[in-house]
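1. structure for this input, please:
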Amino acid sequence: MTHVFHRNPRQTLAVAVAGKGIELIDSNGKHYIDASGGAAVSCLGHGHPRVIEAIKQQVDSLAYAHTSFFTTEVSEELARTLAQAAPGDLNHVYFVSGGSEAVEAALKLARQYFVEIGQTERRHFIARRQSYHGNTLGALAIGGNAWRREPFLPLLVPAHHVAPCYAYRDQSAGETDQQYAQRLADELEAKILELGPQSVAAFVAETVVGATAGAVPPVADYLKRIRAVCDKYGVLLILDEIMSGMGRTGHLFACEEDGVVPDIVTIAKGLAAGYQPIGAMISTSRIYDAVLGGSGFFQHGHTYIGHATACAAALAVQQTIAEDHLLENVLARGEQLRARLRETLGDHPNVGDIRGRGLFVGVEFVADRQTKATLDPALKTHARLKSTAMQNGLLIYPMGGTVDGVRGDHVLFAPPFICSAQDIDRIVERFAESVQAVMPATRGALA
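-> Residues are numbered from 1 along each chain as shown. You can find the predicted model right below:
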């Protein structure tokens with residue numbers, strides 16, 4: 001009997017006892033390639049000596065000091081490092097303990113900003129269907145992950161949703177990327193006008209969609225067109241880079257590739273690579289100065305914000321990524337991963353789409369490649385792929401409900417930035433074996 005309240009109490013979990021490089025090891029001595037970094041977290045793999053040493057040194061000097069009394073040298077240095085790296089004038093960093101907290105902080109800051117400048121009627125948040133922004137109530141409310149939201153709907157504040165930028169499913173035949181991007185921007189503008197421009201606070205979107213739909217990147221200049229709509233009506237743009245940020249796409253901030261600067265960006269996961277729990281919200285000077293020159297107090301906070309040990313781990317991770325030029329490897333290995341997946345599985349009758357940026361890659365499965373019909377949800381193909389891959393010594397991050405919260409299956413890859421070309425080949429080989437075991441090409445959707 002376990003006394004840990006696991007998320008899935010009926011599931012018997014293997015016991016992880018060690019990690020080294022891109023592998024995790026269980027209590028039976030079995031090795032697993034961590035091809036998903038947990039949930040796109042372990043970007044430096046496991047057991048990195050530099051990060052471990054930084055944590056030890058920080059604990060030896062100061063593990064924790066509450067931010068109502070003190071700041072710390074390490075939190076100031078980490079904030080300075082992130083502000084210097086962030087695009088535009090995203091230069092004020094608010095540390096939290098994880099991604100959901102970062103989104104909660106962003107929502108509250110957006111609301112408080114408008115209170116500070118006297119636009120108190122701005123209260124509506126618009127996000128996208130098939131998105132995910134966290135499991136706390138505010139983050140869950142704006143998220144578009146239907147099955148996560150459903151049990152808690154009576155507790156959620158109202159939010160509004162528009163279509164995601166999901167070209168594989170939603171782009172019309174003959175519609176160019178630019179036309180598709182404009183159609184989505186027009187939908188956002190129509191929603192703002194429907195609610196009343198003076199009442200909308202912010203639009204929230206994942207720069208590259210993560211777990212809910214499987215590494216779906218924006219097309220063309222979609223984010224620039226969204227930015228323009230937000231600017232037209234004085235609406236803040238909040239980009240969620242909890243999964244896609246901190247180098248995962250080959251850019252430290254994923255929005256750099258799109259040439260867009262949000263008003264607020266949220267980060268976590270790869271910030272400290274799982275060595276400590278930490279996330280952050282980064283805002284522009286305009287928002288920070290409104291608080292500073294108004295009430296002078298951000299009406300928000302948690303016990304462990306700015307935790308010194310967590311900041312030390314994150315600083316060591318970010319220094320390692322920069323000094324070891326790992327973003328170059330992310331781009332090269334990501335291109336290799338997508339190419340090898342297409343070479344190996346591109347003709348499989350149940351593989352509909354292979355997509356992503358950098359080492360953030362999704363594979364979507366279908367019953368029919370021509371019609372893009374989904375597999376029967378009752379088959380739980382995503383869960384079977386996870387189980388089979390794990391038997392084959394491979395950890396992947398699958399999800400069901402890809403299309404609408406009920407239908408659709410995909411697998412997400414987010415391997416460590418330290419992967420070699422040989423590692424990528426091993427990942428694809430084991431994954432292909434797992435796909436063939438669950439969905440033999442000769443049997444297709446009847447597997």
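2. packing partners for the lowest-mean-pLDDT helix or strand in the chain?
-> In the chain, no helix or strand scores lower on mean pLDDT, DSSP states H and E than helix 146-149, which sits at a mean of 85. Packing partners of helix 146-149 (3 or more Cβ pairs under 8 Å, 6 or more residues apart in numbering; DSSP states H and E): helix 137-142. For the C-beta atoms, the positions are set from N, CA and C on the backbone; glycine is no exception.
3. pLDDT weak spots in the stretch 1-150 of the chain?
-> Of all residues in the stretch 1-150 of the chain, none has pLDDT under 70.
4. ok so, going back, pull the distance from the helix or strand just after the least confident helix or strand of the chain to the chain's centre.
-> Sequence order places strand 160-162 as the next helix or strand after helix 146-149, per DSSP states H and E. In terms of Cα atoms, centre = their mean, to the nearest Å, the centre of strand 160-162 is found 19 Å from the chain centre.
5. one more: stretch 251-263?
-> On Cα atoms, centre = their mean, the centre of stretch 251-263 falls 14 Å from that of its chain.
6. next: stretch 399-412.
-> Worked out by Cα atoms, centre = their mean, stretch 399-412 lies 16 Å from the chain centre.
7. now swap in stretch 250-259 and tell me
-> With Cα atoms, centre = their mean, you get 13 Å for stretch 250-259.
8. for stretch 313-329, same thing?
-> 19 Å.
9. in that stretch, what counts as buried?
-> Buried residues in stretch 313-329, counting neighbours by 16 or more other Cβ atoms under 10 Å, are found at Ala313, Ala314, Leu315, Ala316, Val317, Gln318, Gln319, Thr320, Ile321, Leu326, Leu327, Asn329.
10. and which of those residues is nearest Val260?
-> Leu327 (18.6 Å; Cβ to Cβ).
11. contact partners for the closest one?
-> Applying Cβ atoms under 8 Å, 6 or more residues apart in numbering to Leu327 gives the contacts Gly247, Gly250, His251, Leu252, Ile321, Phe417.
12. burial count for the first one?
-> Yep, that's Gly247 we're talking about. By other Cβ atoms under 10 Å, 28 other residues sit near Gly247.
13. can you report phi and psi for the residue lying closest to Arg129 once chain neighbours are set aside?
-> Counting by Cβ to Cβ, 6 or more residues apart in numbering, Gly144 is the residue found nearest to Arg129 once chain neighbours are left out, at 4.1 Å. Phi and psi for Gly144, reported as degrees, to the nearest 10, are phi -120, psi 20.
14. pretty sure Gly144 sits against His161.
-> Yes. Between Gly144 and His161 there is a contact under Cβ atoms under 8 Å: 5.2 Å.
15. higher neighbour count, those two?
-> Between Gly144 and His161, counting by other Cβ under 10 Å, Gly144 is the more crowded of the two (25 against 16).
16. how about Val216, what does it touch?
-> Val216 is in contact with Pro164, Cys165, Tyr166, Ala167, Tyr168, Val208, Val209, Arg355, Gly362, counting by Cβ under 8 Å, 6+ apart.
17. between those, which is nearest Glu194?
-> The closest of these to Glu194 turns out to be Pro164 (Cβ to Cβ; 18.5 Å).
18. find the residue closest to the closest one in space, skipping its chain neighbours.
-> Once flanking residues are discounted, Pro164 sits nearest to Arg128: 4.4 Å by Cβ to Cβ, 6+ apart.
19. and that neighbour, how many neighbours?
-> Arg128 has 25 neighbouring residues, counting by other Cβ under 10 Å.
20. list phi and psi for it.
-> According to degrees, to the nearest 10, Arg128 has phi -120, psi 150.
21. pretty sure it is touching His160, no?
-> No. Look at Arg128 against His160 with Cβ under 8 Å: they stay out of range, at 10.1 Å.
22. and the residue nearest to the spatial centre of the chain, which of the three is it?
-> Taking Cα atoms, centre = their mean, the centroid of the chain lies closest to Met243, which sits 2.0 Å from it. Secondary structure for Met243, judged by DSSP: H, G, I helix; E, B strand; the rest coil, is coil.
23. residues contacting it?
-> Met243 neighbours (Cβ under 8 Å, 6+ apart): Ala39, Ala40, Gly99, Glu206, Val208, Gly210, Ala211, Lys269, Phe360, Ala414.
24. how close does the fourth one sit to Leu223?
-> Okay, so that is Glu206. 11 Å (Cβ to Cβ, to the nearest Å).
25. joint contacts of these two?
-> Common neighbours of Glu206 and Leu223, using Cβ under 8 Å, 6+ apart, are Leu239.
26. of the two, which one has the most company?
-> Using other Cβ under 10 Å as the criterion, Glu206 and Leu223 rank with Glu206 on top: 30 against 25.
27. so what pLDDT did the more buried one get?
-> Note on Glu206: pLDDT of 98.
28. my guess is Gly134 meets Glu104, correct?
-> Yes. If you go by Cβ under 8 Å, Gly134 and Glu104 touch, sitting 7.3 Å apart.
29. of the two, which one has the most company?
-> A count of neighbours by other Cβ under 10 Å puts Gly134 above the other of Gly134 and Glu104, at 25 against 21.
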